[in-house]
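Asks: have a look at this prediction, sequence included:
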Amino acid sequence: MKIADRRAHRRPGPSKQLTRESWRVFKIMAEFVEGFEALAQIRPSVSIFGSARTAPEHKHYKLTEEIARLLSDSGFSVVSGGGPGLMEAANKGAFAGKSPSIGLNIVLPHEQSGNPYQDISLDFKHFFSRKVMFVKYATAYVVMPGGFGTLDELAEILTLVQTRKIQRIPIVLVGSEFWSGLLDWFTDAMVKEGTISLEDLDLMMVCDEPQDVVNAIFDHYEGRGFEPSAAEQEVLLEL
């Protein structure tokens, strides 16, 4: 028997697992389609991230709620992860304001449960499709103190802007006391080793006061408007 014949003889047929994975593609497509249809009209919008574990009486909760209320009253839809903690604070502040409050909920074995302050509520089983929705329609990112999930979103948006896969948008870290250690490490380790450039640090800004967050976003778009240009829209199609 020839080598090619032996290989053909050994090739297994489709397994049940492979069939399940193939059908899973359609479920993933459905998440994208539902997200695109629901969020295409929410611009301008700001995605807010932060810890799911922060209690309502914590200063970061109250700070997030105030920032979201100011953004909402300024005409920005507010998008959060839809869960408890600072995600709830973001939705709560936006819900009390003039613009839509959106929650992109993720199905998790623990910790995540939807909060009641959502004008638009979407449920996702897959982190990657949910993350696209955070980015695709965002005019700005506001990053509150948080854990691994918050760091994941921060690294994601920094990478996309750095590599020009999306247009440059404001990335606002709130809480200089919380973020100073990480920013120092970026400078002392990553810049020093040449894994990022010093100019990459300019992709982020740090604010402590709610109104400063709003002002920073408006300052970024002064003279150009919030809508992506035709060229930027083409780039977003490849996201």
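Replies: That came in fine, so what should we check first?

Asks: which SSE is immediately downstream of the worst-scoring helix or strand of the chain on mean pLDDT?
Replies: Lowest by mean pLDDT, DSSP states H and E among the helices and strands of the chain is helix 3-10, with a mean of 54. Downstream of helix 3-10, the first helix or strand assigned by DSSP states H and E is helix 16-39.

Asks: what helices and strands are in contact with that following helix?
Replies: In terms of contacts (3 or more CB pairs under 8 Å, 6 or more residues apart in numbering; DSSP states H and E), helix 16-39 is packed against strand 120-124, helix 127-136. Using the backbone N, CA and C atoms, a C-beta is placed for each residue, glycine as well.

Asks: partners of the first one, with directions?
Replies: In the sheet containing strand 120-124, its partner strands are strand 101-106 (parallel), by DSSP bridges.

Asks: what comes into contact with the strand it pairs with?
Replies: Residues outside strand 101-106 that contact it (CB atoms under 8 Å, 6 or more residues apart in numbering) are 35, 39, 42, 45, 68, 72, 77-83, 87, 90-92, 94-95, 112, 114-115, 117-125, 127, 130, 133-134.

Asks: where does residue 18 land on pLDDT?
Replies: At residue 18, the predicted lDDT confidence score is 76.

Asks: now the helices for the chain?
Replies: Taking DSSP state H as the test, the helices found in the chain are 3-10, 16-39, 59-73, 86-95, 127-136, 148-162, 176-185, 192-193, 210-221, 230-237.

Asks: to residue 107, which of those helices lies closest?
Replies: helix 127-136 (9.9 Å; CB to CB).

Asks: tell me who's in contact with the most centrally placed residue in the chain.
Replies: Nearest residue to the geometric centre of the chain (CA atoms, centre = their mean): residue 134, 3.8 Å. Residues in contact with residue 134 (CB under 8 Å, 6+ apart) are 47, 79, 104, 153.
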